[in-house]
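Colleague: Have a look; sequence and predicted model below, questions after that.
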Amino acid sequence: MYKGTNASSGIGIGTAVIVEETELVIEKKTVTDTEGEVGRFKGALDKTMKDTEALAADLATRVGEKEAEILQGHLMLLMDPMLIGEIENTIKGEKICSEFAIEMVCTMYANVFAGMDDELMQQRATDMRDIKTRMQRVLLGAETVDIASLPAGSILVAKDLTPSMTAGINPKNVVGIVTELGGKTSHSAILARALEIPAVVAVNDFMNQVKDGDRVILDGDAGCVFVNPDASVEKDYADKREAFLAEKKELEKYIGQPTITKDGVTVELVANIGKPKDVEKVLQYDGEGVGLFRTEFLFMDRNSMPTEDEQFEAYKKVAEALGGKPVIIRTLDIGGDKEIPYMGLEKDENPFLGYRAIRLCLDRKEDIYKPQLRALLRASAFGNIKIMIPLVTCIDEYREAKALIDELKLELDRKGIAYNKDIQVGIMVETAAASLIADIFAKEADFFSIGTNDLTQYTMSVDRGNDKISYLYSTFNPAVLRSIRRIITCAREEGIMVGMCGEAASDPMMIPLLLAFGLNEFSMSASAILYSRKLITSLSTQELQAVADKAMSFTTTKEVEDYMRGFVAGL
Ligand code: PEP
Ligand code: MG
């Protein structure tokens, strides 16, 4: 049995599929048999085309025609006689290997496209780079596993999964995820929860303990994994899986019930989403709105930035699907563990303290921020959209974003385009600085949402994905708890709504404290909503004051955790 961190609930029983990402090294090698080399190139071209056709067909049925269009564009490039001719001529003329000829010709074209003013042409540059790498991968035999089309019953095993890889997973076929790296709040773990796929992360040296095709069982609650287990373990976990599914069914009776405490305090129970299609789960689990739409996922899993219109369609779709219920959409939050290769961002020495989120957006107003804000404003005419700014540390950032929104509103007025003139603009409180000046922010921002995933990281100075120091990463640390309480108090003093969209919002040991502090809104993975409703409706905020006072009187994380564990067990 191997131990790791429990990252997504449930029992996974299936077959291991190992996913390894390799870096490509393209060397300039001379060849003598140039005809033979051209044949080699043609073979790779052919295979890349066939793979692309298959992927496009799969994407069209699984996700949508629009998404598949990107791949149709790739096919057109792969069929372009000029491009093919030039690569052939380079192989023959320079007597160099196909990999290098592809590198030279495709990079040259990509640079030409990238230098053009037209947005469409710039997308071509990204497409060109993408087909270049795909052909080179075929030639080097370094093809990646196609995560979207794994066989049914697969357990994904990887060193780490990037968020975009996780987003490509088809939950019908993937029954579990095990990684060597990552933590509970790394984005792949968050996505695994959204997709309701059991997951265990941070299993030390696991890649050396398992091979393709091994039978794997994982327990996403206990955080343990078995490789080729004996019959008694198999039976045990098959039973546990049944019990887990039965409990899930039982919670369905909370669908349609109000979220109100025993002493009559109503709170909002809303969901975190990453893509418009996640709304299905929000409706299925009776979410009362969306408390966090992580828009960076619209930018992942593709080769170029989504256009303003594409974004508008996505935001509008969510707003309409929720029919007037609140939809809080966070503006682009990339950086940290959320990388977007085509944006060409330099690697930061300290990504979590670096050029990311609002810092990057305010620096890239023309090509990134304005199109997104314009799309959000336009979509606000179709539902109850609120805009949320991530990672703010000082009021200037909020003011600058707000001023930009006001400027865009005037632009839309001039063009006669509809939008919600009273659209609310709030902030995520997720840095130590924002917490310390929450009183200042509360006077200007329309609402707060506490991002405990980052607030814990920045308060404790602990990388949220580093397993070696995860013992420090706890929202129950007195420093983090004081910060949370303070943020809620500041918001309530100014009469603005205060929610929480970090993972702590669905932690059964944290919910009683948050109710006692006066939190208005709890935003979580849709699958956690019904259990949280069950818990909240069984509690009284008045009775919880004494519990919160006691919890806040402790001096160590462990004391608080033990106390809250005992409290929840006694309910
Ligand atoms: C957070 O930091 O708590 C949060 C919700 O944002 P993210 O996890 O996307 O950084
Ligand atoms: Mg965050």
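Modeller: Everything's here; your move. Ligands and ions are numbered 1, 2, ... in the order given.
Colleague: pLDDT of the top strand by length along the chain, averaged?
Modeller: In the chain, taking DSSP state E as the definition, the longest strand is strand 11-19. What strand 11-19 shows for mean pLDDT is 95.
Colleague: and if you look at stretch 368-384?
Modeller: Mean pLDDT, stretch 368-384: 98.
Colleague: For residue 111, the count of nearby residues, please.
Modeller: Residue 111: 12 surrounding residues under other Cβ atoms under 10 Å. (C-beta placed from N, C-alpha, C; glycine too.)
Colleague: which ones are touching it?
Modeller: Taking Cβ atoms under 8 Å, 6 or more residues apart in numbering, we find residue 111 in contact with residue 125.
Colleague: now it: how far from residue 470?
Modeller: 43 Å (Cβ to Cβ, to the nearest Å).
Colleague: If we ignore the residues flanking it in sequence, what's nearest residue 129?
Modeller: With Cβ to Cβ, 6 or more residues apart in numbering as the criterion, residue 129 has its nearest non-adjacent residue at 5.1 Å, and that residue is residue 110.
Colleague: How about the secondary structure of the one you found?
Modeller: Here residue 110 takes the helix state, with states given by DSSP: H, G, I helix; E, B strand; the rest coil.
Colleague: Quick check: it touching residue 130?
Modeller: No. The criterion here is Cβ atoms under 8 Å, and residue 110 misses it with residue 130 at 9.4 Å.
Colleague: The helix or strand hosting residue 563 packs against which elements?
Modeller: Residue 563 belongs to helix 557-569 when elements are defined using DSSP states H and E. With contacts defined as 3 or more Cβ pairs under 8 Å, 6 or more residues apart in numbering; DSSP states H and E, helix 557-569 has these neighbours: helix 478-494, helix 511-517, helix 541-553.
Colleague: where does residue 197 fall, phi/psi-wise?
Modeller: Main-chain dihedrals, residue 197, degrees, to the nearest 10: phi -110, psi 120.
Colleague: Report how many residues lie close to it.
Modeller: For residue 197, the count of nearby residues is 23 (other Cβ under 10 Å).
Colleague: hmm, back to that, mind listing residues that contact the helix holding residue 563?
Modeller: Helix 557-569 has contacts (Cβ under 8 Å, 6+ apart) with 474, 476-478, 481, 508-510, 512-513, 547, 550-551, 554.
Colleague: how about the CA coordinates for that helix, as CSV?
Modeller: Extracted in CSV, the C-alpha atoms of helix 557-569 (Å, rounded to 0.1, in the frame of the first residue of the first chain):
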residue,chain,number,x,y,z
THR,A,557,-3.1,24.3,14.3
LYS,A,558,-3.3,20.9,15.8
GLU,A,559,-5.4,22.1,18.8
VAL,A,560,-7.8,23.8,16.5
GLU,A,561,-8.0,20.8,14.1
ASP,A,562,-8.5,18.3,16.9
TYR,A,563,-11.2,20.5,18.5
MET,A,564,-13.1,21.0,15.2
ARG,A,565,-12.8,17.3,14.3
GLY,A,566,-14.3,16.4,17.7
PHE,A,567,-17.0,18.9,17.3
VAL,A,568,-18.1,17.6,13.8
ALA,A,569,-17.8,14.0,15.0
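Colleague: List the neighbouring strands of the longest strand of the chain plus their orientation.
Modeller: Its sheet considered, strand 11-19 pairs with strand 154-158 (parallel), strand 215-219 (antiparallel) by DSSP bridges.
Colleague: which strands and helices sit next to the next helix or strand after that strand?
Modeller: Following strand 11-19 in sequence order, the next helix or strand is helix 34-62 (DSSP H and E). On a contact count with 3+ Cβ pairs under 8 Å, 6+ apart, helix 34-62 meets helix 65-78, helix 81-94, helix 98-114, helix 119-140.
Colleague: What's the mean pLDDT across helix 34-62?
Modeller: Mean pLDDT, computed over helix 34-62, is 84.
Colleague: what do you get for stretch 316-334?
Modeller: Averaged across stretch 316-334, the pLDDT comes to 97.
Colleague: Report the beta-bridge partners for whatever residue of the stretch 251-400 of the chain ends up closest to ligand 1.
Modeller: Of all residues in the stretch 251-400 of the chain, residue 294 sits closest to ligand 1, at 5.3 Å by Cβ to the nearest ligand atom. On the basis of DSSP bridges, residue 294 is bridged to residue 330.
Colleague: Looks like it contacts residue 333 (just checking).
Modeller: Yes. The pair residue 294 / residue 333 is scored as a contact, 6.8 Å apart, by Cβ under 8 Å.
Colleague: got the angle for the one helix or strand residue 248 maps to vs strand 11-19?
Modeller: In the assignment (DSSP H and E), residue 248 maps to helix 231-250. Angle of helix 231-250 versus strand 11-19, following axes from the mean of the first three to the mean of the last three Cα atoms, to 10 degrees, is 110 degrees.
Colleague: returning to that earlier point: residue 521: which of the helices and strands packed on helix 34-62 is closest?
Modeller: Closest of the helices and strands packed on helix 34-62 to residue 521 is helix 65-78, at 31.6 Å (criterion: Cβ to Cβ).
Colleague: List the buried residues of that closest one.
Modeller: For helix 65-78, a neighbour-count test (16 or more other Cβ atoms under 10 Å) marks 68, 70, 71, 73, 74, 77, 78 as buried.
Colleague: now do stretch 303-318
Modeller: Buried, per 16+ other Cβ under 10 Å, within stretch 303-318: 303-306, 308, 310-318.
Colleague: hey, C-alpha coordinates of that stretch in PDB?
Modeller: C-alpha atoms of stretch 303-318 as PDB (Å, rounded to 0.1, in the frame of the first residue of the first chain):
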ATOM      1  CA  ASN A 303      -3.200  26.800 -29.200                       C
ATOM      2  CA  SER A 304      -4.300  30.500 -29.200                       C
ATOM      3  CA  MET A 305      -6.100  32.900 -27.000                       C
ATOM      4  CA  PRO A 306     -10.000  32.700 -27.100                       C
ATOM      5  CA  THR A 307     -11.300  35.800 -29.000                       C
ATOM      6  CA  GLU A 308     -13.600  38.400 -27.400                       C
ATOM      7  CA  ASP A 309     -16.500  36.800 -29.100                       C
ATOM      8  CA  GLU A 310     -15.600  33.300 -28.000                       C
ATOM      9  CA  GLN A 311     -15.400  34.500 -24.500                       C
ATOM     10  CA  PHE A 312     -18.600  36.400 -24.700                       C
ATOM     11  CA  GLU A 313     -20.400  33.200 -25.900                       C
ATOM     12  CA  ALA A 314     -18.900  31.200 -23.000                       C
ATOM     13  CA  TYR A 315     -19.900  33.800 -20.300                       C
ATOM     14  CA  LYS A 316     -23.400  34.300 -21.900                       C
ATOM     15  CA  LYS A 317     -24.000  30.600 -21.900                       C
ATOM     16  CA  VAL A 318     -23.300  30.300 -18.200                       C
END
